[in-house]
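> for reference, the sequence and a predicted model appear below.
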Amino acid sequence: MKKIFLYFLSFLLLCGTSCTDVLDQSAVDAFDEDVVFSDINLVKAYVGACYSMLGSNVMNGNALNGPLIRRDFLSSSTDHTLNNFRPGVNDEVFLQGSMSPDRLGLFANNNNGRPWLYWTNLYKNIQNLNTILSRIDDVPVTNTSHEALRKQLKGEVYFLRALSYTYLIMGHGGVILTDKPYKMTDDFSETKRSSIADTKAFILTDVDKAIEFLPETIEQGRATRGAAAAVKSRMLLFCASKLTNGGWSEEATNPLVSFPAGSQTDLLREARDAAKEIMDKKYGHYSLVGEISEPDLPLSDEQFQQYVDDFFSIFNQQSGDVWNSETIWGTQFVEKDGRTYTPSIWCSPRGYDGASNNAPTEEIVRKFEMADGSKFVWDTAHPNDKFTMRKATATELATNPYLNPYYGREARFYASVLYHGAPWIQRPNPVVLSDPNNRLQLAYKYRKDKSTGNYPETPSYSGVDTRQSTLGFNTSGNATKTGYNLRKFLDPSISANVVNSVNGKTTWIEFRYAEVLLNYAEACIELGGTDLQAGIDAMNIVRYRAGLPGRITTDQNEAREFVRHEREIELFGEGHRFFDIRRWMICDQVIVDVYSMRVNEYVDSDNDNIVLETTWQQLSTAREDPRKWAGNHFYWFPIMRSEINKSPNLQQNPGYN
């Protein structure tokens, strides 16, 4: 008899009282497939478990750190953040030039890595989804509400399958397409990959069915029509980009990774129209959080802080709260479901008992604009030397606070990054005396010698958030290596006294309206001509919400740089950068070594709080992460050798042996 191996205690909680008698077995028992498909509520629980499979290789609802999120963010496989614990050749294989069919590193790591991009996990879930679709029409229903539920569940399954195949196409190109569950007796020796064009068409069919079957409203956290449309928007923009349209000239005719010549304009139109349908509220009413009219600059302090708070609030929605207008779909971390969400544990600063993982790099910090929309420049006298020192005395800073590189930056900077001197929540008890003001201490202090008037060659002491801090409750390895900490996804409601042991309950947002606007903007700008201004207008709405002035240009190349910059800043840390730098084919430009920012404060002999002079410098001698771009073949994941061994006709991606 067929079995579904459902390893999840939360199954009982998800399906409710009517399911309890049927599934009242140990968590590692096997449940009879025929029994599951005899009750629509059991099928609902089965579908619910498939959501958890987006971030786990087992169907237990207890995806460690939850679906779509792990302690090592996807952004740490880009130029934006640094993996504090696993940056090496066996883990961050994309950045280290060590990826191969035998070594996928964090992309095959279910505990710390990115399991929602892992071929094996995705196909395991696709098998579950196909099983549901093959039997759901035969599930007995006795009333109209159950009939409506069956229709809804079909829509959810089509959404989840479209999303799973979207991750596959964005990682591998054309893949194996299957809409029926495999049997143990199936012969896999003749299995082949479909073209990237056929894979795209398959996903679009699933999206259309999801939209057809899903209702207007649904339980928060389950798929909606808008969520399905957002999958379509993201996938089509990827397909319309340089990587998949002859950008890799040697593989321009390879149907697994490139569309036929001459396809790009039509693909861009498809991407434009998919985003526009969401903007036109065809699938739900979505809008940006905050003010979307052009700001009247300069802003007052109160107005500016509101822009900071509005942006930060998008990522600080507690599970169970009604989502804000910008959220299209995300993952909730309801305690009873057993999912864990731990950015505050892994990303908080050392002096807050955190681990400083996914720390922002100097490369991204310098890309945040000034509050008036002008470009931040580290050193106007030496614009091409990123290692020059900035310095200022207390008197100079009082006269010109802009000498501090963290002064006067745009609102999204303060919502996203913790830097030396940044305010944060109250310190844990062991640190209160060292920092009663609750501001990041990432500087090294040099106390002036009373007798000589000179400063020592080595620091008198180090800030509580540095790696050299003398704090006893945390190891030095848990401090930032870059000189910055992530703020964007931290939960300020968690007391610093328990931050290392309490799971967060905020929502991970996978699709939000700002992405849709930027998808539309990019497609229009790439089309150019009469579409150019429409793209700039959509991009400017995102800028207005950040308290920045709009962009003005009639030059397509300049507009392209504008919208790419906007995606960098607006979507920082959310995982999009990994796909963007690949589809734009700019990895050879942006994958560079990571160096530490060093802040030194020279203080008074009698009072350490009197800072006489400050220096800021990215140290060329402090290379924290050497990185290597290995070539164009790294724009695609390899097919694992174990998969090819099982299916000899499964063609490997170009450049891998």
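Ah, there it is.
> can you list the weak-confidence ranges in the stretch 151-300 of the chain?
For the stretch 151-300 of the chain, no stretch is flagged by pLDDT under 70.
> run the last query once more with 90
Applying pLDDT under 90 to the stretch 151-300 of the chain flags residues 183-190, 215-217.
> for the stretch 501-650 of the chain, same thing?
501-507.
> what ranges do the helices span in it?
513-527, 532-545, 556-570, 576-583, 587-590, 641-646 (DSSP state H, counting those that start in this stretch).
> indicate which one of those helices is closest to Asn112.
Nearest of those to Asn112, taken as C-beta to C-beta: helix 576-583 at 15.9 Å. C-beta coordinates here come from the backbone N, C-alpha and C atoms, glycine included.
> using JSON lines, lay out the helices of the stretch 501-650 of the chain together with mean neighbour count.
Converted to JSON lines, the helices of the stretch 501-650 of the chain look like this (neighbours: other C-beta atoms under 10 Å):
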{"stretch": "helix 513-527", "mean neighbour count": "26"}
{"stretch": "helix 532-545", "mean neighbour count": "21"}
{"stretch": "helix 556-570", "mean neighbour count": "18"}
{"stretch": "helix 576-583", "mean neighbour count": "21"}
{"stretch": "helix 587-590", "mean neighbour count": "15"}
{"stretch": "helix 641-646", "mean neighbour count": "14"}
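> distance to Leu168 for those helices - can I get that in CSV?
Conversion of the helices of the stretch 501-650 of the chain to CSV gives the following (distance: least, C-beta to C-beta, whole Å):
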stretch, distance to Leu168
helix 513-527, 20
helix 532-545, 28
helix 556-570, 22
helix 576-583, 13
helix 587-590, 20
helix 641-646, 12
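> Ile169 is nearest to which of those?
Of all the helices of the stretch 501-650 of the chain, helix 576-583 comes closest under C-beta to C-beta, at 10.7 Å.
> related to what we said a few turns ago, so which of the helices of the stretch 501-650 of the chain comes closest to Pro101?
Checking the helices of the stretch 501-650 of the chain against Pro101 by C-beta to C-beta gives helix 641-646 as the closest, at 4.1 Å.
> quick one: contacts of the closest one?
Helix 641-646 is contacted from outside by 101-102, 119-120, 188, 650, 652, using C-beta atoms under 8 Å, 6 or more residues apart in numbering.
> buried ones among these?
101, 119, 650, 652 (16 or more other C-beta atoms under 10 Å).
> of the helices of the stretch 501-650 of the chain, which approaches Pro436 most closely?
helix 556-570 (32.8 Å).
> now for the closest one, which elements pack on it?
helix 513-527, helix 532-545, helix 576-583 (3 or more C-beta pairs under 8 Å, 6 or more residues apart in numbering; DSSP states H and E).
> and the angle from the first one to helix 532-545?
In this case it means helix 513-527. Counting by axes from the mean of the first three to the mean of the last three C-alpha atoms, to 10 degrees, helix 513-527 lies at 150 degrees to helix 532-545.
> now the helices and strands packed on helix 556-570 as a markdown table including distance to Asp606?
Listed next are the helices and strands packed on helix 556-570 as a markdown table, based on distance: least, C-beta to C-beta, whole Å:
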| stretch | distance to Asp606 |
| --- | --- |
| helix 513-527 | 50 |
| helix 532-545 | 47 |
| helix 576-583 | 47 |
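> wait, which of those helices is closest to Asp625?
Ranking those by their distance to Asp625 (criterion: C-beta to C-beta) puts helix 576-583 first, at 16.0 Å.
> what's in contact with that closest one?
Here helix 576-583 has contacts from 74-75, 77-80, 94, 170, 237-238, 241-244, 515, 564, 567-568, 571, 587, 590-591, 635, using C-beta under 8 Å, 6+ apart.
> looking at the helices and strands packed on helix 556-570, which is nearest to Asn657?
helix 576-583 (21.0 Å).
> which residues of the protein fall in strands?
3-4, 31-32, 81-82, 327-331, 359-360, 390-393, 417-418, 443-447, 461-462, 485-486, 508-512, 594-603, 611-625 (DSSP state E).
> closest to Ala148 out of the ones you listed?
strand 327-331 (20.5 Å).
> what sits up against that closest one?
51, 54-55, 66-69, 221, 223-224, 226-227, 230, 278, 284, 286, 314, 317, 323, 339, 507-513, 516.
> off-centre distance for that strand?
Distance of strand 327-331 from its chain centroid, counting by C-alpha atoms, centre = their mean, to the nearest Å, is 13 Å.
> strand partners (parallel or antiparallel) of that strand?
strand 508-512 (antiparallel) (DSSP bridges).
> any idea of the angle the strand it pairs with forms with helix 556-570?
150 degrees.
> any chance of the strands of the chain in CSV, plus distance to Ile525 and mean neighbour count?
Formatted as CSV, the strands of the chain follow (distance: least, C-beta to C-beta, whole Å; neighbours: other C-beta atoms under 10 Å):
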stretch, distance to Ile525, mean neighbour count
strand 3-4, 47, 16
strand 31-32, 51, 16
strand 81-82, 27, 26
strand 327-331, 22, 23
strand 359-360, 27, 28
strand 390-393, 34, 15
strand 417-418, 27, 24
strand 443-447, 41, 20
strand 461-462, 46, 18
strand 485-486, 29, 28
strand 508-512, 20, 24
strand 594-603, 30, 21
strand 611-625, 32, 17
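> and Thr342, how far is that from Val464?
According to C-beta to C-beta, to the nearest Å, Thr342 stands 22 Å off from Val464.
> what does Lys209 give?
Taking C-beta to C-beta, one finds Lys209 at 55 Å from Val464.
> and these two? Which one has more around it.
Using other C-beta atoms under 10 Å, the more surrounded residue of Lys209 and Val464 is Val464, with 22 against 19.
> wait, that one touches Asp435, no?
Yes. Here Val464 reaches Asp435: they are 5.9 Å apart, a contact under C-beta atoms under 8 Å.
> how many residues are close by the residue nearest to Ile425 when sequence neighbours are not counted?
Excluding its sequence neighbours, the residue lying closest to Ile425 (C-beta to C-beta, 6 or more residues apart in numbering) is Pro492, at 5.0 Å. When counting by other C-beta under 10 Å, one arrives at 13 neighbours for Pro492.
> for Lys124, same thing?
The burial count for Lys124: 16, using other C-beta under 10 Å.
> state the pLDDT value of it.
Looking at Lys124, its pLDDT is 93.
> wait, it sits on Ala49?
No. Contact criterion C-beta under 8 Å: Lys124 and Ala49 do not qualify, at 11.9 Å.
> burial of the closest residue to Glu92 other than its chain neighbours, as a residue count?
Excluding the flanking residues, the one nearest Glu92 by C-beta to C-beta, 6+ apart is Asn83, at 5.6 Å. When neighbours are counted by other C-beta under 10 Å, Asn83 registers 25.
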